[in-house]
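Asker: No letters, just coordinates:
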């Protein structure tokens, strides 16, 4: 019989290896809790709310299981619930009726539009809740774009002038934070100038700094009624998802123009961008777990493919671990209730 090579001996950890065993800190639940690096609390959550005209309290958004469009009265109830759960702020988005949409999104400048009436009602009933309002024209335009459409293209500077006035109107209604999501160049500085000139220097700006032209926005567009009206795409103003350095340029511009906070949208596909921005600038930095991310998790959980609650916690924790100071998420009330129940 030929001699066979001896089997290699199993590796034996050195004495140094044995001194440090990371598994020792994982051996029990109490130990894992004791050494946990990242935690999500109710203070980290912002609850996006969709608003609807009329007296019907709730209208389900078919593409977003568990999410409804709310009447103003129901939105006041949601604000009261948020305060009871420890959620610090709501982000409001209107579903404007089709008959109020036009080429120029003129309803955005109506001081009695849906968003302004909702802000006033919520602030009157629940003054301690923070209100974040979206500045963009897509909920108001008949073509579904975030800006003014002229000759087949979105014009920048004329749009910025409208957005600044939209921001002023929302601030006068009682908004605490103005959140421009349009991605026009120079809009943060223009909004800051108009707000300050109108005596709203204490109103903050949360810039959608790195908002990518993403496939994950579909359910949101259903919720605000722009999916059916959108002509073409938004790639000439929203960012190319292949680019990371460009986000740094956008952040530098937004902060120089007066942004108090910056945001990355969508969330999970852009954790690298979130981390880069937080590391580089150290300013309050937020992530938006967008409608497509939420809908995928909900549908997968409904099919029994994943544990929905665990996936919710894991993804929200990922945002915090990457550097987010707060998270806009449709899971906000669910997560906050869980936190409250578990002490």
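Answerer: Nice, thanks for sending it over. Treat the numbers as computed from the prediction; the structure is a model and nothing was measured. Numbering: from 1, shown residues only.

Asker: How far off centre is stretch 146-159?
Answerer: 24 Å (C-alpha atoms, centre = their mean, to the nearest Å).

Asker: what does stretch 275-287 give?
Answerer: Relative to the centre of its chain, stretch 275-287 is centred 15 Å away, using C-alpha atoms, centre = their mean.

Asker: which stretch of helix or strand covers residue 82?
Answerer: Residue 82 is part of helix 72-85 when elements are defined by DSSP states H and E.

Asker: what sits up against that helix?
Answerer: 42, 47, 49, 51, 55, 57-58, 68, 70, 88-90, 92, 114, 117-118, 121-122, 125-126, 128-129, 332-333, 336-337, 340 (C-beta atoms under 8 Å, 6 or more residues apart in numbering). Bear in mind the C-beta positions are built from the backbone N, C-alpha and C, glycine included.

Asker: Give the buried residues for that helix.
Answerer: 72, 74-79, 82, 85 (16 or more other C-beta atoms under 10 Å).

Asker: of all those residues, which comes closest to residue 297?
Answerer: Closest approach between the buried residues of helix 72-85 and residue 297, by C-beta to C-beta: residue 85, at 20.1 Å.

Asker: any idea how far the closest one lies from residue 238?
Answerer: 32 Å (C-beta to C-beta, to the nearest Å).

Asker: could you show me where the helices are in this protein, in order?
Answerer: In chain order, the chain shows helices spanning 15-19, 29-35, 72-85, 114-125, 156-173, 187-197, 218-224, 245-256, 271-281, 291-302, 308-322, 332-341, with DSSP state H as the criterion.

Asker: Out of these, flag the one nearest residue 210.
Answerer: helix 245-256 (3.9 Å).

Asker: quick one: the helix holding residue 82 to helix 114-125, angle?
Answerer: 50 degrees (axes from the mean of the first three to the mean of the last three C-alpha atoms, to 10 degrees).

Asker: would you list the helices of the chain in TSV and tack on distance to residue 141 and mean pLDDT?
Answerer: Putting the helices of the chain into TSV (distance: least, C-beta to C-beta, whole Å; pLDDT from 0 to 100) gives the following:
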stretch	distance to residue 141	mean pLDDT
helix 15-19	63	66
helix 29-35	49	91
helix 72-85	22	98
helix 114-125	15	98
helix 156-173	10	98
helix 187-197	16	98
helix 218-224	11	86
helix 245-256	23	98
helix 271-281	28	98
helix 291-302	19	96
helix 308-322	31	98
helix 332-341	28	96
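
Asker: Of the ones you listed, which is nearest residue 208?
Answerer: Closest to residue 208 of the helices of the chain, according to C-beta to C-beta: helix 245-256, at 8.9 Å.

Asker: Buried residues, the closest one. List them.
Answerer: Across helix 245-256, burial judged by 16+ other C-beta under 10 Å covers 247-248, 250-251, 253-255.

Asker: who's the residue nearest the centre of the chain bridged to?
Answerer: Centroid-nearest residue in the chain: residue 288, 2.6 Å away (criterion: C-alpha atoms, centre = their mean). For residue 288, the beta-bridge assignment (DSSP bridges) gives partners residue 328.

Asker: isn't it right up against residue 267?
Answerer: Yes. With contact defined as C-beta atoms under 8 Å, residue 288 reaches residue 267; the gap is 5.8 Å.

Asker: Name the residues contacting each of these two.
Answerer: Joint contacts of residue 288 and residue 267 (C-beta under 8 Å, 6+ apart) are residue 327.

Asker: pLDDT wise, what is residue 58 at?
Answerer: Residue 58 is assigned 95 on the pLDDT scale.

Asker: residues touching the nearest residue to residue 41 once chain neighbours are set aside, list them.
Answerer: Residue nearest to residue 41 in three dimensions, not counting chain neighbours: residue 339, with 6.5 Å by C-beta to C-beta, 6 or more residues apart in numbering. Contacts for residue 339 (C-beta under 8 Å, 6+ apart) come out as 40-42, 86.
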